[in-house]
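Engineer: Here is my input; please provide its structure:
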Amino acid sequence: MEQLINTKELIDKRYGKPGTESREKFREDAFSYYFREIIKNRRKELKMSQSDLADLIGKKRPYISRIENGEDIRLSNFALIANALNLSIQLTAR
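Structural biologist: Predicted structure coming up:
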């Protein structure tokens, strides 16, 4: 019989316990990946080029490229991009 894998234990083993520097780096990288994929996929779904999106938010095309390649994004710019792509942002308390 196959052994069940507990994802929490697997992540703890691979990236460290919650609160450790390595775990926080993993979390930040995961969020960055998640957000850039949402932006890139939505832009493509709307058949927009990076230049089209950049023009809508008053930025240059290389900025959009950097965002889609994982560069850190400021919340204010994320809101501009989300609005341009007709995406909503929901913030909740944890």
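Engineer: what about the residue positioned nearest the centre of the chain, distance to residue 81?
Structural biologist: Of all residues in the chain, the one closest to the mean position by CA atoms, centre = their mean is residue 35, 1.9 Å from it. When CB to CB, to the nearest Å is the yardstick, residue 35 and residue 81 sit 9 Å from each other. To be clear about C-beta, it is placed using only N, CA and C from the backbone, and glycine gets the same treatment.
Engineer: shared neighbours of the two, anything?
Structural biologist: When contacts are counted by CB atoms under 8 Å, 6 or more residues apart in numbering, residue 35 and residue 81 have residue 73 as shared neighbours.
Engineer: List the buried residues in the lengthiest helix in the chain.
Structural biologist: Longest helix of the chain, by residue count under DSSP state H: helix 21-45. With burial defined by 16 or more other CB atoms under 10 Å, the residues of helix 21-45 counted as buried are 23, 32, 35, 36, 39, 40, 42, 43.
Engineer: Which elements pack onto that helix?
Structural biologist: Other elements packing on helix 21-45 under the criterion 3 or more CB pairs under 8 Å, 6 or more residues apart in numbering; DSSP states H and E are helix 7-15, helix 61-68.
Engineer: Would you point to the one among those helices that's packed deepest?
Structural biologist: Burial of the helices and strands packed on helix 21-45 is given as mean neighbour count (mean count of other CB atoms under 10 Å); helix 61-68 ranks first at a mean of 17.
Engineer: C-terminal to that helix, what's the next element?
Structural biologist: helix 75-84 (DSSP states H and E).
Engineer: who's in contact with that next one?
Structural biologist: The list of residues contacting helix 75-84 from outside it, by CB under 8 Å, 6+ apart, reads 35, 39, 53, 56-59, 64, 67, 73, 87-89.
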